[in-house]
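Student: Could you look at this predicted model? Sequence included:
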There are 2 protein chains.
Amino acid sequence: MKYSIITIGREHGSGGRGIAQMIADELQIPLYDRKLIQMIAENSGLAESYVAQSEMRRTSSFLYNLYFDSKNLPLDDQVFLAQANVIQEVAKKGPCVIVGRCADYILRNEPSVLNVFVYAPMEERIRRIAEEYGEKANDMQRYLQKIDRHRSSYYDRFTGEKWGEPHNYHLLLNSTVGLKTAAQQIITLATGKEQA
Amino acid sequence: MKYSIITIGREHGSGGRGIAQMIADELQIPLYDRKLIQMIAENSGLAESYVAQSEMRRTSSFLYNLYFDSKNLPLDDQVFLAQANVIQEVAKKGPCVIVGRCADYILRNEPSVLNVFVYAPMEERIRRIAEEYGEKANDMQRYLQKIDRHRSSYYDRFTGEKWGEPHNYHLLLNSTVGLKTAAQQIITLATGKEQA
């Protein structure tokens, strides 16, 4: 494989997770998605529910690059450190697909990592979370915009970069091309195999 | 072909034009790039040199959607109207690749159009314009940033959208994956053929 590790950032409701699953299935490599939460909880000693919500909390300042004893860091920074440890560990184990959690940034010095971002138009995201995920909100658009803001501020805070900004990725795909088509695009790029 | 018309927006120095050429060659379809300048000049009756520079001029306001007699519009708006006419005409003729010139926006209501944006890291763009295009500037980075600002404000002015913003495209590619690889990715998506 040209790129053995694939990170997938995604807008909620874009189908990015489904695409990640298709890639992992076809390449027969592990998918780290919700499984990461459990691993980060174990690594940090914090509750799974706390870790799961960390992307949704607004916190005060960026401390990751400062020198602190990790036990004295605010809890969310401890989560991020544990997350960085876990993601670096799973990347060492071999080829895999990692969804979200700033994996592109955490693995930025690894040459064999392919960074992808999946997005979709708002109306398509609303349709998917309602019909496929069964999620409910009074105002679906505001609900999704809130999730975007949280993911964006989490990413910005810990990476100093902008979530979804093209230059942070190799490839960005609008999932309206089709989830299977998107998965095939990513597989082709990762494996370095051209189409027939 | 799933998408018969391919529009390619690109950062200067990203290799986007080379990618467009590879696609046109492989699919044996026309490439509209610098040739558009001549066609727009003929359509508008304005000088080629004036048309060529229109993306680089800062102008005052967005008038395209207002009702004006086109002969009374400011010259840059006349250029844009001619550009829209020419691009709609070439799109009617059949499959083609169109580089820049807001073609994605001008053809936004055509279902068979694939919109792509090609970009690259600043250091790679500087290397390419110096080594391959033979362009010179005292400060290459400022020179490229200025071109970015002009293309961006031109696009924003006439489309009301943000140049290079993922949601305006189907696919965005970092050309560090390789120009040939990028061209193949776009061809695969346009033709709808999956790799073997």
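Tutor: Nice, I can see it.
Student: next helix or strand past the lowest-mean-pLDDT helix or strand in chain A?
Tutor: Between all helices and strands in chain A, the lowest mean by mean pLDDT, DSSP states H and E belongs to helix A:48-52, at a mean of 87. Under the assignment DSSP states H and E, the closest C-terminal helix or strand after helix A:48-52 is helix A:75-93.
Student: can you pull the buried residues of that next one?
Tutor: Of all the residues in helix A:75-93, those buried under the rule 16 or more other C-beta atoms under 10 Å in any protein chain shown are A:76-87, A:90-91. Just so you know, the C-beta spots here come from the backbone N, C-alpha and C atoms, and that holds for glycine as well.
Student: tell me which of these is nearest to chain B?
Tutor: Ranked by distance to chain B (C-beta to the nearest C-beta), the buried residues of helix A:75-93 are led by residue A:91 at 19.6 Å.
Student: And the strands in chain A?
Tutor: For chain A, the strands defined by DSSP state E cover A:5-10, A:31-32, A:96-99, A:113-119, A:171-174.
Student: and chain B, which of those strands is closest to it?
Tutor: strand A:171-174 (4.0 Å).
Student: what about that closest one and chain B, any contact?
Tutor: Yes. Contact of strand A:171-174 with chain B (C-beta under 8 Å from any C-beta of the partner chain) involves A:171-174.
Student: For those residues, which entry has the maximal number of neighbours?
Tutor: Within the residues of strand A:171-174 next to chain B, most neighbours by other C-beta atoms under 10 Å in any protein chain shown means residue A:173, with 33 neighbours.
Student: I'd say that residue and residue A:115 touch.
Tutor: No. Counting by C-beta atoms under 8 Å, residue A:115 is not a contact partner of residue A:173; they are 11.9 Å apart.
Student: which parts of chain A sit against chain B?
Tutor: Residues of chain A lying near chain B (C-beta under 8 Å from any C-beta): A:117, A:119, A:121, A:164, A:166-167, A:169-174, A:176-177, A:181, A:184-185, A:187-189, A:192-196.
Student: show me the contacts for the most centrally placed residue in chain A.
Tutor: Nearest to the mean C-alpha position of chain A, counting by C-alpha atoms, centre = their mean, stands residue A:100 at 0.9 Å. By C-beta atoms under 8 Å, 6 or more residues apart in numbering or on different chains, residue A:100 lies in contact with A:8-10, A:33, A:55, A:151.
Student: Redo those residues as JSON lines? Include neighbour count, distance to residue B:137 and pLDDT.
Tutor: Below are the contacts of residue A:100 laid out as JSON lines (neighbours: other C-beta atoms under 10 Å in any protein chain shown; distance: C-beta to C-beta, whole Å; pLDDT from 0 to 100):
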{"residue": "A:8", "neighbour count": "27", "distance to residue B:137": "37", "pLDDT": "98"}
{"residue": "A:9", "neighbour count": "26", "distance to residue B:137": "34", "pLDDT": "97"}
{"residue": "A:10", "neighbour count": "23", "distance to residue B:137": "38", "pLDDT": "97"}
{"residue": "A:33", "neighbour count": "18", "distance to residue B:137": "46", "pLDDT": "93"}
{"residue": "A:55", "neighbour count": "19", "distance to residue B:137": "42", "pLDDT": "74"}
{"residue": "A:151", "neighbour count": "20", "distance to residue B:137": "38", "pLDDT": "92"}
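Student: out of those residues, who's nearest residue A:39?
Tutor: residue A:33 (11.1 Å; C-beta to C-beta).
Student: is it true that the closest one touches residue A:96?
Tutor: No. At 10.5 Å, residue A:33 and residue A:96 do not qualify as touching, with contact defined as C-beta under 8 Å.
Student: Sketch out the low-pLDDT regions of chain A for me.
Tutor: The model of chain A has pLDDT under 70 over residues A:57-73, A:194-196.
Student: what do you get if the cut-off is 80, keeping everything else the same?
Tutor: A:55-74, A:193-196 (pLDDT under 80).
Student: Now do the contacts for residue A:179.
Tutor: Taking C-beta under 8 Å, 6+ apart, we find residue A:179 in contact with A:15, A:18-19, A:22.
Student: Based on its surroundings, how many neighbours for the closest residue to it other than its chain neighbours?
Tutor: Nearest residue to residue A:179, sequence neighbours excluded (C-beta to C-beta, 6 or more residues apart in numbering or on different chains): residue A:15, at 4.9 Å. Counted by other C-beta under 10 Å, the residues lying close to residue A:15 total 24.
Student: How about the one 5 residues further on?
Tutor: Other residues within reach of residue A:20, judged by other C-beta under 10 Å, total 25.
Student: Residue A:111 too?
Tutor: Residue A:111 has 7 neighbouring residues, counting by other C-beta under 10 Å.
Student: Can you list phi and psi of it for me?
Tutor: Dihedral angles of residue A:111 (phi, psi; degrees, to the nearest 10) stand at phi -70, psi -20.
Student: tally of neighbours for residue A:45?
Tutor: Counted with other C-beta under 10 Å, residues neighbouring residue A:45 total 9.
Student: whoops, I mixed them up, residue A:18
Tutor: Residue A:18 has 18 nearby residues by other C-beta under 10 Å.
Student: For it, give me its contacts.
Tutor: Taking C-beta under 8 Å, 6+ apart, we find residue A:18 in contact with residue A:179.
Student: ditto for residue A:93
Tutor: Residue A:93 makes contact with residue A:30 under the criterion C-beta under 8 Å, 6+ apart.
Student: next one: residue A:156
Tutor: A:162-163.
Student: mind listing what residue A:144 touches?
Tutor: Applying C-beta under 8 Å, 6+ apart, the residues contacting residue A:144 are A:11-13, A:122, A:125-126, A:129.
Student: Of those residues, grab the buried ones for ChimeraX.
Tutor: In ChimeraX, this line selects whichever of these come out buried by 16+ other C-beta under 10 Å:
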select /A:11,12,13,125,126,129
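Student: Could you dump the contacts of residue A:144 into CSV with distance to residue B:27 added?
Tutor: Output for those, formatted as CSV (distance: C-beta to C-beta, whole Å):
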residue, distance to residue B:27
A:11, 31
A:12, 36
A:13, 33
A:122, 32
A:125, 32
A:126, 35
A:129, 37
